[in-house]
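Student: Give me a model of this one.
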Amino acid sequence: MIRLFWIASRKGLSHLIQQDHAKLPHVIAEILEEMGGVFVKFGQVLSTQKEILPGHFIEAFSSLHDQVKPLSQEELKKIIDSRIGNMNETYETFEMQPIAAASIGQVHLARLKSTGEKVVVKILRPDVKQKMTADLDLLIQFVSWLSERSSKIKRLGLIQLAVGFKNNLIEETDFDIEALNTNMLKRAFKEHGIPIRVPKVYSEYSTKQILTMEYIEGNRFTKEVTTDVSEMIMHAFLDQILMIGIFHADPHPGNIMLTTDGEVALIDFGSVGYLSDDERGGLLSFLVGYSNNDTKEMAHGLARVCEEGHLFNEDMMERRLSRLLSEASFSHDPTSVIMRRLMSMITEAGLSLKPTVAGAFRAIITLDGTLSSVNEAYSLSTASQSYASQINKGQLAKERLGKVKGKLEDYIPKLLELPILKDNRITIAREENHNLNDFIGAITVGIFTVICMVVMLASFFVQGEFMRFLLAPLSMSGFGVGMIILIMSVIKQLKPKI
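Tutor: Next up is the predicted model:
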């Protein structure tokens, strides 16, 4: 900490903050660069946050480069020998010169001796997690110090970004998590028919410190691609976010490949986001509202994905969204403008998105920039509108029917516990211990339950995503509550009197 604040003092940072000087972003970038490691990586992440940071901040942070010395051959051999076995017996060939190196670890090409397959081997630097945790805590203190002294910097939400950055980076120092992320998305892509290739993980040659994966032949995503391919990739990411709930959180050009077979491949699953059903529902509601130019539905969707505890005024948000839609309509790609300005608009309203939802928005914005850089004809507006009109309704119905099936599985055992009725009749006798009014109440609840069930089933086929999202949860809840009350009432009525 002493070194950090000595550098800040030498650069005259406090004075520049007080004056709100134009050089402030460049001086902050210089401080991050002198600190190196995770500080530089954080600056590089900030340089991609065009939806949050002003242009002069983006420009200052874009010049940051992390200079990392690769591990020596002796260090590499020691790590491999101690983690997965003798290096010479494991690999037929192992290229000592890394194809990529960073503050967390480095990447090598190799060939397995057992199968002859060409693989990629990621190796974590020794003790990196302990060293990184201390630096990340210091980074958060530095960002907090900046935010306390500048209301403008505070409004940028750098503290939240730094905390999210820390959590993501700590996860990246455990290759067991990356292997799990890779396998989960590989399986999900296959189940959902998403035409994107994900590398195979060789678990027998992987540990928390070493990750061995299939080598995919191809080119990094830097050359011209067709509009159809660009839209397919964006649709695939929207499927990850809205349908699956697991998404690649860092789709920059280096993590997307065009294979020699003409396929699209994703690599590096160290940063992956997970969304709850309610978060996915809110995002889908926002997208459907946008596709229908319905600011009320958009605001309702945002209300579901903002942090709880904030006072969310839907009428105020509708007005802001209406103004944003109007301003964006003058752009050649309105959706791109909206996505890039939405998060700053939410911050200005005194709100904040749930961290995973903010990550999903950032992933879409990052991918939008990636696709725009390789295809001038690509438009996020066109891609999102075509996606909204082609949403897999069968998949949505399947999800909802799955929830109904789960509820029925809970109720059926309770129904089977009821006594078998003779001739399908219930005899009502006016005795001292029987209450006719209670039974009539049970019948009323039963009728209400049947109505809820009919509405619930109808909601799966009604036209319009908004109506389905409105009817299904309400009718499902009513059906569930009604069933419970009905079962309890019937059991009470049929209980033998002593």
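Student: Let me see the mean pLDDT of stretch 17-29.
Tutor: Average pLDDT, stretch 17-29: 86.
Student: To clarify, my last question referred to stretch 211-219.
Tutor: 93.
Student: again, but for stretch 267-287
Tutor: For stretch 267-287, mean pLDDT is 91.
Student: what comes up buried for that stretch?
Tutor: With burial defined by 16 or more other C-beta atoms under 10 Å, the residues of stretch 267-287 counted as buried are 267-273, 275, 279-287. No exception for glycine: its C-beta is placed from N, CA and C like everyone else's.
Student: what does stretch 211-230 give?
Tutor: By 16+ other C-beta under 10 Å, the buried positions in stretch 211-230 come out as Leu211, Thr212, Met213, Glu214, Tyr215, Ile216, Gly218, Phe221, Val225, Val229, Ser230.
Student: And that stretch, end to end?
Tutor: End-to-end distance of stretch 211-230: 30 Å, with C-alpha to C-alpha, to the nearest Å as the criterion.
Student: And the contacts of it?
Tutor: 109-110, 112, 117-122, 175, 178-179, 182, 197, 199-202, 205-206, 253-254, 256-260, 263-265, 267, 370-371, 373-375, 377-378, 383 (C-beta atoms under 8 Å, 6 or more residues apart in numbering).
Student: now the strands for the protein?
Tutor: In the chain, strands defined by DSSP state E lie at 91-94, 100-101, 105-112, 118-124, 196-197, 210-214, 218-220, 246-248, 256-259, 264-266, 272-274, listed in chain order.
Student: looking at these, which is buried most?
Tutor: With neighbours taken as mean count of other C-beta atoms under 10 Å, these reach their highest mean count in strand 246-248, at a mean of 24.
Student: List just the one of the strands of the chain that sits closest to Val337.
Tutor: Smallest distance to Val337 across the strands of the chain (C-beta to C-beta): 22.3 Å, for strand 246-248.
Student: Would you map out the domains in the protein?
Tutor: 2-65+131-172, 217-391, 393-494 (automatic domain parsing).
Student: Now these in CSV, please, with extra columns for distance to Glu92.
Tutor: Formatted as CSV, the domains of the chain follow (distance: least, C-beta to C-beta, whole Å):
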stretch, distance to Glu92
domain 2-65+131-172, 29
domain 217-391, 18
domain 393-494, 44
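Student: What is the burial count for Arg74?
Tutor: If you look again at residue 74, you'll see it is Glu, not Arg. The number of residues packed near Glu74 is 8, by other C-beta atoms under 10 Å.
Student: Quick check: pLDDT value at it.
Tutor: The model's pLDDT for Glu74 equals 92.
Student: quick one: which of the strands of the chain is nearest Gln18?
Tutor: Using C-beta to C-beta, the nearest of the strands of the chain to Gln18 is strand 272-274, at 37.9 Å.
Student: List the neighbouring strands of the closest one plus their orientation.
Tutor: Each strand that pairs with strand 272-274, with its direction, by DSSP bridges: strand 246-248 (antiparallel).
Student: okay, and the helix or strand of this structure with the least pLDDT?
Tutor: helix 393-416 (a mean of 50; mean pLDDT, DSSP states H and E).
Student: just to revisit the earlier point, out of the buried residues of stretch 211-230, which is nearest to Glu89?
Tutor: Looking across the buried residues of stretch 211-230 and measuring by C-beta to C-beta, the closest to Glu89 is Thr212, at 14.4 Å.
Student: how far away is that closest one from Gln49?
Tutor: Using C-beta to C-beta, to the nearest Å, Thr212 is found at 33 Å from Gln49.
Student: Likewise for Arg197?
Tutor: Taking C-beta to C-beta, one finds Arg197 at 29 Å from Gln49.
Student: What of Val120?
Tutor: Where Gln49 is concerned, Val120 sits at a distance of 29 Å (C-beta to C-beta).
Student: wait, Ala110 sits on Gln97?
Tutor: No: Ala110 lies out of contact with Gln97 (C-beta atoms under 8 Å); the separation is 11.8 Å.
Student: what sits in contact with each of the two?
Tutor: With C-beta under 8 Å, 6+ apart as the test, Ala110 and Gln97 reach no residue in common.
Student: Span of stretch 322-339 from start to end?
Tutor: Across stretch 322-339, the terminal residues are separated by 14 Å (C-alpha to C-alpha).
Student: List the buried residues in that stretch.
Tutor: Buried positions in stretch 322-339, judged by neighbour count with 16+ other C-beta under 10 Å: Leu324, Leu325, Ala328, Asp333, Pro334, Thr335, Ser336, Val337, Ile338, Met339.
Student: Of the residues you listed, just say which sits nearest to Ala134.
Tutor: Using C-beta to C-beta, those come closest to Ala134 at Met339, 35.4 Å.
Student: Give me the local confidence score for the residue lying closest to that closest one once chain neighbours are set aside.
Tutor: Excluding its sequence neighbours, the residue lying closest to Met339 (C-beta to C-beta, 6 or more residues apart in numbering) is Ile365, at 5.4 Å. At Ile365, the pLDDT value in this model is 83.
Student: For Ile365, grab the count of nearby residues.
Tutor: Neighbour tally, Ile365, other C-beta under 10 Å: 22.
Student: repeat for Lys152
Tutor: Lys152, neighbours per other C-beta under 10 Å, totals 11.
Student: Could you find the closest non-adjacent residue to it?
Tutor: Leaving aside its chain neighbours, Lys152 sits nearest to Asp20 (6.8 Å; criterion: C-beta to C-beta, 6+ apart).
Student: what's the answer for Thr48, then?
Tutor: Here the residue nearest Thr48, using C-beta to C-beta, 6+ apart, is Thr366, at 6.0 Å.
Student: Quick check: that neighbour touching His248?
Tutor: No: contact criterion C-beta under 8 Å: Thr366 and His248 do not qualify, at 9.8 Å.
Student: quick one: low-confidence ranges for the protein?
Tutor: The chain contains residues with pLDDT under 70 at 51, 223, 309-310, 391-498.
Student: dump the residue contacts of the residue positioned nearest the centre of it.
Tutor: Centrality entry for the chain: nearest residue to the mean C-alpha point is Gly273, 3.2 Å, by C-alpha atoms, centre = their mean. Listed by C-beta under 8 Å, 6+ apart, the contact set of Gly273 reads Ile241, Ile246, Phe247, Ala249, Thr356, Gly359, Ala360, Ala363.
Student: Which of those residues are buried, as a PyMOL select command?
Tutor: Selection of buried members from those for PyMOL, criterion 16+ other C-beta under 10 Å:
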select buried, resi 241+246+247+249+356+359+360+363
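Student: Put together TSV for the strands of the chain, with distance to Leu136 on each row.
Tutor: Below are those laid out as TSV (distance: least, C-beta to C-beta, whole Å):
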stretch	distance to Leu136
strand 91-94	31
strand 100-101	20
strand 105-112	16
strand 118-124	16
strand 196-197	31
strand 210-214	21
strand 218-220	29
strand 246-248	22
strand 256-259	27
strand 264-266	26
strand 272-274	19
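Student: Grab the nearest non-local neighbour of Gly373.
Tutor: One thing to correct before we go on: residue 373 is Ser, not Gly. Pro253 (6.8 Å).
Student: Give me the distance between that neighbour and Ala377.
Tutor: Pro253 is 18 Å from Ala377, by C-beta to C-beta.
Student: Same question for Glu89.
Tutor: Counting by C-beta to C-beta, the gap from Glu89 to Ala377 is 52 Å.
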